[in-house]
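# Here's my sequence, what's the structure:
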Amino acid sequence: MIKKINLGVLISGSGGTLQNFIDKIEAGKLNANIHLVISSKSNVAGLGRARKHNIPTAVILRSNYKDTDTFSQAITAELNKYPIDLITLAGFIHLYNIPEKYKGKVMNIHPGLIPAFCGHNYYGHKVHEAVINYGAKASGCTVHFADNVYDNGPIIIQRCVPVFEDDIPETLAARVFKEECEAYPEAIRLFAEGRLKIEGRKVRILKPKEIKDEK
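Below you'll find the model as predicted:
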């Protein structure tokens, strides 16, 4: 029996990914507890979603901090109040400098196929606009371990969707988000099962029988 994994969730907006986690947990499809939701903005819908489900919240405004280091330290201090196993970035648009304690324990999801259309300022609808404007025939989502560079850490899961000629950012976003809703919980489950092994730039997904051999 895999133990319930304790999540910290970082958001900056509507909290659609957070709501997906909540829905999956309530449906028995994700064996997790969300201990804390941190938002980099106040009065966003994601905070309301968390509070509706009695999940503790904290607001840490990026504008209140002089640089990424002090901002990240404030986030870490809040996370340290809880027994967090895995930090999940869920539409979090800022860089979080990961302390040693959480290295290999921070995941992000990007609404595109890394390494295309990613990096600083590529988030949300900006990604889908860029994909359509470039004329790409496929897009998708990428779940990866985060490091201290935007969209740079080793890839765990990618899922693809077609890009249609009449797509607009909203229609492509909806198609990609449907895949995100499956890919991110899957990556969390694999982490909880001890099946993700980082090997340089690659993540190896261990078969259940391999886990004992790795310990």
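
# quick one: the strands in the protein?
5-11, 32-39, 57-59, 86-89, 106-110, 138-145, 155-162, 196-199, 202-205 (DSSP state E).

# Output those in CSV; the columns should cover mean neighbour count and mean pLDDT.
(C-beta placed from N, C-alpha, C; glycine too.) Listed next are the strands of the chain as CSV, based on neighbours: other C-beta atoms under 10 Å; pLDDT from 0 to 100:
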stretch, mean neighbour count, mean pLDDT
strand 5-11, 24, 98
strand 32-39, 21, 98
strand 57-59, 17, 98
strand 86-89, 23, 98
strand 106-110, 24, 97
strand 138-145, 22, 98
strand 155-162, 17, 98
strand 196-199, 14, 96
strand 202-205, 14, 97
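
# for those, which one sits closest to P169?
P169 sits nearest to strand 138-145 of all the strands of the chain, at 10.8 Å, using C-beta to C-beta.

# Sheet partners, orientation included, of the closest one?
strand 106-110 (antiparallel), strand 155-162 (antiparallel) (DSSP bridges).

# quick check: angle from the shortest one to strand 5-11?
Here the directions of strand 106-110 and strand 5-11 differ by 50 degrees (axes from the mean of the first three to the mean of the last three C-alpha atoms, to 10 degrees).

# Walk me through the domains of this protein.
Partitioning the chain according to automatic domain parsing yields domains covering residues 1-103, 108-215.

# picking up where we left off before, relative to K126, which of the strands of the chain is closest?
Of the strands of the chain, nearest to K126 by C-beta to C-beta is strand 106-110, at 11.4 Å.

# Run the chain-centre distance for that closest one.
Averaging C-alpha positions (C-alpha atoms, centre = their mean, to the nearest Å) puts strand 106-110 3 Å from its chain's average.

# what does it rub up against?
With C-beta atoms under 8 Å, 6 or more residues apart in numbering as the test, strand 106-110 has contacts from 17, 86-90, 92, 96, 98, 118, 122-123, 127, 141-146, 151, 153, 156, 180, 183-184, 187-188, 191.

# What is the linear distance spanned by stretch 84-101 between its boundary residues?
In stretch 84-101, first residue to last residue: 11 Å (C-alpha to C-alpha, to the nearest Å).

# Mind listing the residues bridging to the residue nearest the centre of the chain?
Centroid check for the chain by C-alpha atoms, centre = their mean gives N108 as the closest residue, at 3.0 Å. When bridges are called by DSSP bridges, N108 pairs up with L89, H144.
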